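K.L.:
Below are the sequence and a predicted model for it; my questions follow.
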Amino acid sequence: MASVLALTACRPASGSVNAGMVQTTPIPDVVTVVCYHVQLGTWTESRQGKGLIPPANFLLDTAPARHPFAPKGAHTTLPRIRGRDWTGYWIRPHPDTLMVSWSNGFSSGGYRFVVRGDSVKGLATTFSDARVSGELDPVAPASGHRTACPSSSHVWQAI
């Protein structure tokens, strides 16, 4: 998943997943390449197998996502998917919400965050197509913050 660093203008979608909750600060309208470091809490107990565990460090790029499951308007996320020519992807379904996802076609992992300034807080999710009937997919609390991006895209190992 080669990445081109660029500057672009994006308008976040309207609406909020936090109606009536804590006031949040959206990622600014003008988006450059942004990096995050995330810490995960304990995964919920489940007989459902874990799929891809989302990486602790990732980059939100401005390039369009190259992934067959990415929704319209999604952007590239590094690291890439091991063994595929697919990128992860990110979207902003609401001004205060950031969703980041990786999938290899058989399993997936990602985050759904509320954005507050340079911080993010939400849930990590994982999914595998090896299903156990009646079991929920594992989730874990996740929180993180923006970090300086590495100067080289070679540091992003595939997951």
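P.N.:
The structure has been received and is ready for your questions. Given the structure is predicted, the values throughout are model-derived calculations rather than measurements.
K.L.:
Tell me which stretches of the chain form strands.
P.N.:
For the chain, the strands defined by DSSP state E cover 8-9, 30-31, 34-40, 57-64, 75-78, 88-94, 97-103, 107-116, 119-128, 139-147.
K.L.:
Enumerate every residue touching S46.
P.N.:
Counting by Cβ atoms under 8 Å, 6 or more residues apart in numbering, S46 touches V132, E135, L136, D137, P138. Where you see a C-beta, it was placed from the backbone N, CA and C, and this is true even at glycine.
K.L.:
Same check on S101?
P.N.:
Contacts of S101 by Cβ under 8 Å, 6+ apart are F69, A70, T77, G88, Y89, W90, S108, G109, G110, Y111.
K.L.:
buried subset of those residues?
P.N.:
Among these, those classed as buried by 16 or more other Cβ atoms under 10 Å are A70, T77, G88, Y89, W90, S108, G109, G110, Y111.
K.L.:
For W43, state which of the contacts of S101 is nearest.
P.N.:
G109 (11.0 Å; Cβ to Cβ).
K.L.:
who's in contact with the closest residue to that closest one other than its chain neighbours?
P.N.:
Spatially, and ignoring its direct neighbours in sequence, G109 is nearest to L52 (3.6 Å; Cβ to Cβ, 6 or more residues apart in numbering). L52 makes contacts with W102, S103, N104, S107, S108, G109, T126, I159, as judged by Cβ under 8 Å, 6+ apart.
K.L.:
Hmm, the third one is touching W86, no?
P.N.:
Yes. Look at N104 against W86 with Cβ atoms under 8 Å: they come within range, at 7.4 Å.
K.L.:
Of the two, which one has the most company?
P.N.:
For N104 and W86, the more surrounded residue by other Cβ atoms under 10 Å is W86, and the numbers stand at 22 against 16.
K.L.:
Contact partners for the residue nearest in space to the middle of the chain?
P.N.:
For the chain, the residue nearest the mean C-alpha position is V100 (1.7 Å; Cα atoms, centre = their mean). Residues in contact with V100 (Cβ under 8 Å, 6+ apart) are P54, F58, L60, T77, G88, Y89, W90, G110, Y111, F113.
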